[in-house]
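Q: Can you look at this prediction? I've put the sequence above it.
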Amino acid sequence: MPNTDPDDARALRRRMRSAARLYAVQALYQMEAMGQTLDKVRSEFEDHRFGMTVDGVEFAEGNVDHFRSVLGDAVSNQAAIDQATDRALVAKWPIARIDPVLRALFRAAGAELISKANPPKVVISEYIEVARAFFPEGKETGFVNAVLDHMAREVQPAAFR
């Protein structure tokens, strides 16, 4: 009989949502770097990247609904998200000047903050982990934390009272 422990099921759902966030950042980066459309990138990730194996390493399955939601909201709300990111950055470093991976990360996280589907502290924590995946030396995580904290306090001030 298969294990139906509710804690295991919750942990699996969390891992799949975390993987969806990582994939959303990769997809947003790819859209910008390669000039690809939302539909093309979404299809590529869903059809080929989720759960793929490369050099014997199996990639995680992502939550497709969460991936689609983050990706779609990031594209639909990109101008508002970029403006919120700009306000969180110092004047000499507008969003156009930051690393494109970080730009994609801020857009994905901003989409979740704007949607208010998850508590902002969860969103911040999750995207700090995404930053660690891209920048394992860890220098960027403090920067990501500061920018997302500023954005979250602007978008969802009641969550911090």
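A: Cool, got the structure. Residues are numbered from 1 along each chain as shown.

Q: so the closest residue to residue 42 other than its chain neighbours is in which element?
A: Distances taken as Cβ to Cβ, 6 or more residues apart in numbering place residue 71 nearest to residue 42, at 6.0 Å, with adjacent residues excluded. C-beta: built from backbone N, CA, C; applies to glycine. Element membership of residue 71, judged by DSSP states H and E, is helix 64-76.

Q: Give the buried residues for that helix.
A: Residues of helix 64-76 classed as buried by neighbour count (16 or more other Cβ atoms under 10 Å): 66, 67, 68, 69, 70, 71, 73, 74, 75.

Q: doesn't residue 18 make contact with the first one?
A: If I follow you right, that is residue 66. No. Contact criterion Cβ atoms under 8 Å: residue 66 and residue 18 do not qualify, at 9.3 Å.

Q: Distance check, residue 158 against residue 40.
A: In this view, residue 158 and residue 40 are 38 Å apart by Cβ to Cβ, to the nearest Å.

Q: more neighbours, these two?
A: Each of residue 158 and residue 40 had its neighbours counted (other Cβ atoms under 10 Å), and the higher figure belongs to residue 40 (14 against 6).

Q: quick one: the more buried one from residue 127, how far?
A: When Cβ to Cβ is the yardstick, residue 40 and residue 127 sit 24 Å from each other.

Q: Kindly report the same for residue 76.
A: Taking Cβ to Cβ, one finds residue 76 at 19 Å from residue 127.

Q: How about residue 67?
A: As defined by Cβ to Cβ, residue 67 lies at a distance of 14 Å from residue 127.

Q: per-residue pLDDT, the residue nearest to residue 42?
A: The predicted local confidence for residue 71 comes out at a pLDDT of 96.
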